[in-house]
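A.B. asks: Predicted model and sequence follow; I will ask about them next.
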Amino acid sequence: MPQPVRKQIKEIHSNIIQEPPFRTLLIDGNSLLFSCFADPKVNSDGIHYGAVFQFLLQLRIMITKGEFQYIYAFFDNEFSGVLRYNYYKQYKANRDKDYASYGVSEYMKAVNAKVRDMMNYFNQKNAKKYNNSFNDNDSFIRHKSDWDKFIDANFDRERDILCRYFNEMYIRWNIDEVTEGDDQIAYYCLHKKPNEKIVIISSDMDLAQLLSDDICIYNQREGLKKFITNKNFKENFGYDYRNVLVKKIFTGDASDNIGNIKGLSEEGFFKLMPEAKTREVTINEVKDRARNLRERRVSQKKKPLQVHENIVNGVSNKNYEGDFYEINDKIINLKKPLLSDEARETMDSMMYAPQDPEGRSFKNLYQYICEDKITELMGDTKFASFFAPFKSFAEREIKRYEDSVDK
């Protein structure tokens, strides 16, 4: 049996003492919770709790797959994304986000809301006129379906219920006023311990920028549901994981309303730069390829292709107030996460810090679960059985706190 290393020796020889590896689970809270709304369960009061139940179930399944020493959940807030909006005013405009209202008076918020409603009205009329044939170049704001409205009406309530439960289960969580969950996850990964192995739960493959030998993603998207690593990324997505950032800088992201090089699709990107499928490429490399092809056509007395001109000059299908490549790097690059000072301070204070067990208990959790009538949704599974993996995790957290106090 290996003997524990004395604290004095650790301090003197910290550069050569190897700490044993441990696992951490990072949850992209918004991504997982949105997917959990597909569960239609309601309690006997007719209140939807399907997302809460399904979130806990998915988390329970994950915890049983590995012995995690730490679990963190990060969620977006109403104005999460405003830091990107400050660089790029069209960020998530297709989702009816109102970042312009951040920090303004209630009166101006009402004015902005009125203007937004008017824009929605005219855009919806135009959308009908054009038979709803949307593409990446459209600036129409998506008309919300009844399903979207249902999620909007219940998301914050069910998220807050989960966070209340997390406190009792020793699951760390954070919701920053302006910082997105992706950036908090990225910040954590960039400041992880050398002996730490990380699993990220998310269907957002932007986070694949963070993949390494020590970091993988469990993609919970329906139809995939598997662990994505730096070793199997190519076989699942068809290109080298190191080019997630570069590809997105050039081809944009329609879901976030991030512009692409005008006329350049993902297919066109890989046709121009097939090396991106097998090795890491750079922005300048892609631009040089387009520049050389343009010059070759000129030397052959052929008209240059417009897409090559657009790549060289950074011409987008969206309106950018500044250099296209610089702005897209700022709003996409998770190796340079955008955090508020408050979020950074919170992250630094919560990472690895022992949690005081005072006031926390599974007795409290049981009371909350009963009040919300979640037990009705568990079928034949009893509370003690369902939460047994969470209880084992909590016991490790309690032990860590007790050890820290003893020191």
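C.D. replies: Right, received. Where do you want to start? Numbering: from 1, shown residues only.
A.B. asks: K97 should be in a strand, yeah?
C.D. replies: No. Per DSSP: H, G, I helix; E, B strand; the rest coil, K97 lies outside any strand segment and is coil.
A.B. asks: Check the gap between the residue lying closest to it once chain neighbours are set aside and L190 for me.
C.D. replies: Sequence neighbours aside, G81 is the residue nearest to K97 in space, at 6.5 Å (criterion: CB to CB, 6 or more residues apart in numbering). Using the backbone N, CA and C atoms, a C-beta is placed for each residue, glycine as well. Using CB to CB, to the nearest Å, G81 is found at 20 Å from L190.
A.B. asks: next one: M378
C.D. replies: Going from M378 to L190 by CB to CB gives 38 Å.
A.B. asks: Which one of those two is surrounded by more residues?
C.D. replies: M378 (17 against 12; other CB atoms under 10 Å).
A.B. asks: Please look at R164 and Y368 and confirm they touch.
C.D. replies: Yes. Using CB atoms under 8 Å, R164 is in contact with Y368, at 6.1 Å.
A.B. asks: shared neighbours of these two, which are they?
C.D. replies: In terms of CB atoms under 8 Å, 6 or more residues apart in numbering, R164 and Y368 are not both contacted by any residue.
A.B. asks: what helix or strand does E267 sit in?
C.D. replies: helix 266-272 (DSSP states H and E).
A.B. asks: Send over that helix as PDB, restricted to the C-alpha atoms.
C.D. replies: Output of helix 266-272 as PDB, limited to C-alpha atoms (Å, rounded to 0.1, in the frame of the first residue of the first chain):
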ATOM      1  CA  GLU A 266     -18.100  24.800 -44.400                       C
ATOM      2  CA  GLU A 267     -17.900  22.600 -47.500                       C
ATOM      3  CA  GLY A 268     -16.100  25.400 -49.300                       C
ATOM      4  CA  PHE A 269     -13.700  25.900 -46.400                       C
ATOM      5  CA  PHE A 270     -12.600  22.200 -46.500                       C
ATOM      6  CA  LYS A 271     -12.400  22.300 -50.300                       C
ATOM      7  CA  LEU A 272     -10.100  25.300 -50.100                       C
END
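A.B. asks: Give me the mean pLDDT for that helix.
C.D. replies: What helix 266-272 shows for mean pLDDT is 97.
A.B. asks: got the buried residues for it?
C.D. replies: Neighbour-count burial for helix 266-272 flags 268-270, 272 (criterion: 16 or more other CB atoms under 10 Å).
A.B. asks: same thing with stretch 25-45?
C.D. replies: Applying a neighbour-count criterion of 16+ other CB under 10 Å, one finds 25-33, 35-37, 39, 43 buried in stretch 25-45.
A.B. asks: Same question for stretch 386-403.
C.D. replies: 386-387, 389-390, 393-394, 397-398, 400-401.
A.B. asks: now stretch 198-214
C.D. replies: Buried residues in stretch 198-214 (16+ other CB under 10 Å): 198-211, 214.
A.B. asks: Quote the end-to-end distance of it.
C.D. replies: 6 Å (CA to CA, to the nearest Å).
A.B. asks: any idea of the mean pLDDT in it?
C.D. replies: Mean pLDDT, stretch 198-214: 96.
A.B. asks: How far off centre is it?
C.D. replies: Taking CA atoms, centre = their mean, to the nearest Å, one finds stretch 198-214 lying 9 Å from the centre of the chain it belongs to.
A.B. asks: likewise stretch 377-394?
C.D. replies: That offset, for stretch 377-394, works out to 27 Å (CA atoms, centre = their mean).
A.B. asks: what's around F383, how many residues?
C.D. replies: Number of residues near F383 (other CB under 10 Å) recorded here: 15.
A.B. asks: Next, the contact list for it, please.
C.D. replies: Applying CB under 8 Å, 6+ apart, the residues contacting F383 are 366, 369, 375.
A.B. asks: next helix or strand past the helix or strand that contains the first one?
C.D. replies: Spelled out, that is Y366. Using DSSP H and E, Y366 sits in helix 362-371. Proceeding N to C from helix 362-371, the next assigned helix or strand is helix 383-386, under DSSP H and E.
A.B. asks: follow-up on the earlier one: from the buried residues of helix 266-272, which is closest to L224?
C.D. replies: F270 (20.6 Å; CB to CB).
A.B. asks: Mind pulling the model confidence for the closest residue to G263 other than its chain neighbours?
C.D. replies: Using CB to CB, 6+ apart and skipping the chain neighbours, the partner closest in space to G263 is V307 (4.1 Å). According to the prediction, V307 has pLDDT 97.
A.B. asks: if we can go back for a sec, please convert the buried residues of stretch 25-45 to CSV, extending it with distance to N333, secondary structure and pLDDT.
C.D. replies: CSV is the format used below for the buried residues of stretch 25-45 (distance: CB to CB, whole Å; DSSP: H, G, I helix; E, B strand; the rest coil; pLDDT from 0 to 100):
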residue, distance to N333, secondary structure, pLDDT
L25, 24, strand, 98
L26, 18, strand, 98
I27, 22, strand, 98
D28, 17, strand, 97
G29, 22, helix, 97
N30, 20, helix, 96
S31, 19, helix, 95
L32, 23, helix, 96
L33, 25, helix, 96
S35, 25, helix, 93
C36, 29, helix, 95
F37, 30, coil, 93
D39, 34, coil, 92
N43, 43, coil, 92
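A.B. asks: Show me the strands in the stretch 151-300 of the chain, by range?
C.D. replies: 172-175, 196-201, 215-219, 226-228 (DSSP state E, counting those that start in this stretch).
A.B. asks: Give me the angle between the third one and strand 196-201.
C.D. replies: For the pair strand 215-219 and strand 196-201, the angle between their directions (axes from the mean of the first three to the mean of the last three CA atoms, to 10 degrees) equals 20 degrees.
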